[in-house]
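Visitor: Sharing a model that was predicted from the sequence below.
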Amino acid sequence: MPRNYIEDQTFEQINFQEQTLVKGEYENCEFKQCDFANADLSGFKFSECRFLDCNLSMIRLDGTALREVQFRDCKMLGLHLDACDPFGLSLAFERCQLNHTSFFQMNLKKMVFQHCKLEEADFTEADLSGAIFEHCDLKRAVFDHTRLEKADFRTAINYTIHPETNQIKHARFSLPEVVGLLEKYEIRIERV
């Protein structure tokens with residue numbers, strides 16, 4: 001069966017809960033203010049695509065290819081990005097809500113998260129070497145056996161990272177948020 005190939009198209013204000021997105025390969029397409037909530041995008045391929053102000057919460061991504069894909073102002077709650085095809089995976093997030101999203105064992109080297117909410121996101125065993133968390137909220141995000149060498153947390157807030165179970169050599173932090181590295185010890189830090 002021939003695979004659908006869609007190129008240079010703009011999809012605007014479409015509710016994909018009511019209308020099905022044609023399964024296939026999308027290249028250089030733009031999705032604006034679309035609602036994909038609970039959609040099954042398994043096996044789709046997106047290359048050099050942009051998702052702007054879309055609701056992508058709880059979508060299925062089994063084997064989905066995301067190559068040079070940008071997400072801006074998107075609601076992306078409860079995703080399993082770890083189910084995506086890892087080959088050529090390249091993502092950029094700006095002002096997105098990624099709460100409860102799983103990045104389990106993903107290769108996210110030099111990934112840039114800008115102004116994102118990543119509350120209770122799971123970064124267990126992920127490689128975030130050189131990643132940048134610019135003005136991100138990492139409240140209750142899970143870092144367990146995560147590679148964080150040279151990662152930049154200087155403007156991130158609410159993170160808790162245990163130095164014993166994560167690789168943090170040369171990672172960058174700033175005051176006062178750096179106390180998130182000490183939370184495990186249940187100590188009190190006071191100004192005098």
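Guide: Looks like it arrived, so ask away.
Visitor: In terms of secondary structure, what does the helix or strand containing Phe93 contact?
Guide: Following DSSP states H and E, one finds Phe93 within strand 91-94. Other helices and strands packing on strand 91-94, by 3 or more CB pairs under 8 Å, 6 or more residues apart in numbering; DSSP states H and E, are strand 69-72, strand 112-114. In this view, the C-beta of every residue, glycine as well, is placed from N, C-alpha and C.
Visitor: Which strands border the last one, and is each parallel or antiparallel?
Guide: Based on DSSP bridges, the pairing partners of strand 112-114 within the sheet are strand 91-94 (parallel), strand 132-134 (parallel).
Visitor: and those, which is most packed in?
Guide: strand 132-134 (a mean of 20; mean count of other CB atoms under 10 Å).
Visitor: can you give me the offset of that strand from its chain's centre?
Guide: 11 Å (CA atoms, centre = their mean, to the nearest Å).
Visitor: Quick one: mean pLDDT for that strand?
Guide: On average, the pLDDT along strand 132-134 is 97.
Visitor: what's that strand in contact with?
Guide: 110-116, 118, 151-153, 155-156, 159 (CB atoms under 8 Å, 6 or more residues apart in numbering).
Visitor: mind redoing it with 10 Å?
Guide: 94, 110-116, 118, 141, 148, 150-157, 159, 172 (CB atoms under 10 Å, 6 or more residues apart in numbering).
Visitor: Filter those residues down to the buried ones.
Guide: Neighbour-count burial (16 or more other CB atoms under 10 Å) applied to the contacts of strand 132-134 gives 94, 111-114, 116, 118, 141, 148, 150-154, 156, 159.
Visitor: Give me the pLDDT for Thr124.
Guide: Thr124 is given a pLDDT of 98.
Visitor: Please name the residues that touch it.
Guide: So, once contact is read as CB under 10 Å, 6+ apart, Thr124 ends up touching 82, 102-106, 142-146, 165.
Visitor: What of Asn15?
Guide: 33-37, 39, 55.
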